[in-house]
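[1] how does the following fold in three dimensions:
(one chain, ligands or ions: 2)
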Amino acid sequence: MSSVFDGQPAAPGIAIGPLVRLAQGRSVERAAGTAEQERAALTDAIEAAVADLAALAEQAGGDAADILEFQIAMLEDDALRDPALSAIAAGTAADAAWAETMAVQVAEYEAAEDAYFRARAADLRDLGERVLRRLLGTTDDDTFPPGAVVLAHDLTPSRFLAADWRGGGIALAAGSKASHVAMLARARGVPMVVGLGAIDADGHARAALDGATGRLWLSPGADDETMLATLSAEALEAGRAAAGLLHRPAATAGGQRILVQINVADPSDLEGLDPALCDGIGLTRTELLFPAGGGLPDEGTQYEVYRRIVVWADGRPVTIRTLDAGGDKPIAGLTVDGESNPFLGVRGVRLSLARPEVLAVQLRALARAAVHGTLKIMVPMVTVPEELEAVRALLDAALSDLAGRGVPAARPALGMMVEVPAAALAIERFEAAFFSIGSNDLTQYVTASARDIDAVAALADVRNPAVLRLIAEVAAHGERIGREVSLCGDAAGDPAIVPALLKAGLTSLSMAPNTVAAVKTAIARYE
Ligand code: PEP
Ligand code: MG
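    Ligands and ions are numbered 1, 2, ... in the order given. A predicted model of the protein is given here:
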């Protein structure tokens, strides 16, 4: 009999196929040796796991390689293995010592208050299982039948990357939309539902899932399968039609030109991407650009990355945001630890002004890269005009410093994010060259619904009339004074929300590159 379960949507798309249940954990017993032998066995297994990950990273490239390199760094950290080595010295077998150590660490990450750290629990579990498989001599060969719907407790990024998901989908009892594996599933178009809770799948051989609604069917009925197959065919057709619009300038049905820009988090996002798909880059999140940890690198390294992005854009404007660390994007050693509410704390420009030596380096690197095209600087989390003016003064100082040393530089336009209600409500106070609405933060602050708490996700709706009214007022202000107002939050990439944004008067949107085709289609349909 058919059973239906509702979880959280994590990656859109429909999958219908054989049900495969993924086994997890330790299923093989192993004979233990002396403490010395056990220590060597664990160290060898860790080294082998690092080598496996490095090979996988080289094969995968791009975003996946970054995730795997992050895992390698975790695995090479002595702090991770030390408790297991101590247990071995006290007489525990290597596999048991490792499994117990990892269970404690995973539990700590799962209990973290910060959603970012909770989402990293899956990475840690992944590492734990990989080393364990090396110790036990078991395999991670995940060969599913084509189009399988895979049901698992949670899925690790490397297990995701090792499998062929074409036509298939993923249903997870645990998991989170913010996890690396969900990000990979979205980037690769693999439908995924998370947070389904424990599911008794005994006696079911077939399943279907709709990643857009978060629903899973076990032994779907013929009617369900027909309905889902129709939805899937429609989505395929819409995708084909949208591909035709991809490289054309966007305009509404009535002929109003709308600027479509893209958001960049990693320079590898741009690899293989034709700049003709967009009117420029509306947001570069520099806090995500340098994942090596520890914040921004030196001026030369930053300059080189900014220059690459500007050169890619081939004359189109490139908006680069100054560091927006803090909130749900902590950077060890830079952001303030232990704030009671980091979203209301020292984040964005507040942090940059508290650490002007860090901002000064970034501004010099940006002014140098501005020589190579149209680079615009955008300041996040501006609350009062004085913050923007303080950044302007630091930019002036950066330019005179570079000029004094004869280093080529140009003055970028200085604009601001509009994501704090105090700025949106009194936008005429701010002397910015351009404005970009950060709908993610603006919505959470206006609706008092944290963007990282699933239980209030329905309240954090950008279509709340209060949020739309603020967006409309900022757009009208830009129109009055002749300055660009864009919107670069997630809402800009959601074709279901785009009509409401256009109705509010926006004529410029910035979104993830893989949503451009669908958004251009929604714009073309807008009367
Ligand atoms: C936003 O708040 O909408 C935004 C684009 O910034 P971030 O998501 O990086 O906070
Ligand atoms: Mg923001």
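
[2] residue contacts, Ala472?
    Ala472 is in contact with 504-505, counting by CB atoms under 8 Å, 6 or more residues apart in numbering. C-beta: built from backbone N, CA, C; applies to glycine.

[3] quick check: it vs Asp454, distance?
    Taken as CB to CB, to the nearest Å, the spacing of Ala472 relative to Asp454 amounts to 29 Å.

[4] what of Thr284?
    Distance, Thr284 to Asp454, by CB to CB: 28 Å.

[5] who has more neighbours, the two?
    Using other CB atoms under 10 Å as the criterion, Thr284 and Asp454 rank with Thr284 on top: 27 against 14.

[6] pretty sure the more buried one sits against Pro317.
    No. The criterion here is CB atoms under 8 Å, and Thr284 misses it with Pro317 at 11.4 Å.

[7] okay, buried residues for stretch 447-455 please.
    Neighbour-count burial for stretch 447-455 flags 447, 449-452 (criterion: 16 or more other CB atoms under 10 Å).

[8] stretch 382-399 too?
    Residues of stretch 382-399 classed as buried by neighbour count (16+ other CB under 10 Å): 382, 387-388, 390-391, 394-395, 398-399.

[9] among the residues you listed, which are in helices?
    Using DSSP state H, the members of the buried residues of stretch 382-399 that fall within helices are 387-388, 390-391, 394-395, 398-399.

[10] what's the most distant pair in the residues you listed?
    Pairwise distances across those (CB to CB) peak at 19.1 Å, for the pair Glu387 and Leu399.

[11] my guess is Asp67 contacts Leu184, does it?
    Just to correct that, residue 67 is Ile rather than Asp. Yes. Counting by CB under 8 Å, Ile67 touches Leu184, with 7.2 Å between them.

[12] identify the contacts common to the two.
    With contacts defined as CB under 8 Å, 6+ apart, the residues shared by Ile67 and Leu184 are Pro157.

[13] on that earlier part again, among the buried residues of stretch 447-455, which are in strands?
    Judged by DSSP state E, strands contain none of these.

[14] just the closest of these to ligand 2, please.
    Sorting the buried residues of stretch 447-455 by how near they are to ligand 2, with CB to the ion, puts Arg451 at the top with 8.8 Å.

[15] residues in contact with that closest one?
    By CB under 8 Å, 6+ apart, the contact list for Arg451 reads 328, 343, 440-441, 443-444, 460.

[16] excluding chain neighbours, give the residue nearest to Ile497 in space.
    Spatial nearest neighbour of Ile497, chain neighbours left out: Ala491 (4.7 Å); criterion: CB to CB, 6 or more residues apart in numbering.

[17] for that neighbour, the count of nearby residues, please.
    By other CB under 10 Å, 24 other residues sit near Ala491.

[18] how near is the closest residue in space to Tyr116 that isn't next to it in sequence to Gly345?
    If the residues on either side of it in the chain are set aside, Tyr116 comes closest to Asp328, at 5.6 Å by CB to CB, 6+ apart. Look at Asp328 and Gly345: by CB to CB, they are 11 Å apart.

[19] was I right about Gly189 contacting Ala15?
    No. Between Gly189 and Ala15 there is no contact, the gap being 10.8 Å when judged by CB under 8 Å.

[20] and those two? which has more neighbours close in?
    The residue with the greater number of neighbours, taking Gly189 and Ala15 and applying other CB under 10 Å, is Ala15; the counts read 26 against 14.

[21] skipping its backbone neighbours, what lies nearest the more buried one in space?
    Excluding the flanking residues, the one nearest Ala15 by CB to CB, 6+ apart is Gly169, at 2.8 Å.

[22] pLDDT wise, what is that neighbour at?
    We have a pLDDT of 95 for Gly169.

[23] list the residues that contact it.
    Under the criterion of CB under 8 Å, 6+ apart, the contact list for Gly169 reads 13-15, 17, 149-150, 190-193, 209, 211.

[24] distance to Ala84 and secondary structure added to those, as JSON lines?
    Converted to JSON lines, the contacts of Gly169 look like this (distance: CB to CB, whole Å; DSSP: H, G, I helix; E, B strand; the rest coil):
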{"residue": "Gly13", "distance to Ala84": "39", "secondary structure": "coil"}
{"residue": "Ile14", "distance to Ala84": "43", "secondary structure": "strand"}
{"residue": "Ala15", "distance to Ala84": "38", "secondary structure": "strand"}
{"residue": "Gly17", "distance to Ala84": "39", "secondary structure": "strand"}
{"residue": "Val149", "distance to Ala84": "35", "secondary structure": "strand"}
{"residue": "Val150", "distance to Ala84": "30", "secondary structure": "strand"}
{"residue": "Val190", "distance to Ala84": "33", "secondary structure": "coil"}
{"residue": "Pro191", "distance to Ala84": "37", "secondary structure": "coil"}
{"residue": "Met192", "distance to Ala84": "32", "secondary structure": "strand"}
{"residue": "Val193", "distance to Ala84": "34", "secondary structure": "strand"}
{"residue": "Leu209", "distance to Ala84": "37", "secondary structure": "strand"}
{"residue": "Gly211", "distance to Ala84": "37", "secondary structure": "coil"}
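
[25] nearest to Leu359, of the residues you listed?
    Within the contacts of Gly169, distances to Leu359 taken as CB to CB reach their minimum at Met192, with 38.0 Å.

[26] show me the residue at the heart of this structure, geometrically.
    For the chain, the residue whose C-alpha lies nearest the mean C-alpha position (CA atoms, centre = their mean) is Met183; its distance is 6.0 Å.

[27] that's a helix at that one, yeah?
    Yes. When classified by DSSP: H, G, I helix; E, B strand; the rest coil, Met183 is found to be part of a helix.

[28] from what I can see it touches Asp63, true?
    Yes. With contact taken as CB under 8 Å, Met183 and Asp63 are classed as touching, separated by 7.5 Å.

[29] if we can go back for a sec, wait, which of the buried residues of stretch 382-399 is closest to Pro495?
    The closest of the buried residues of stretch 382-399, once distances to Pro495 are taken by CB to CB, is Val382, at 29.2 Å.
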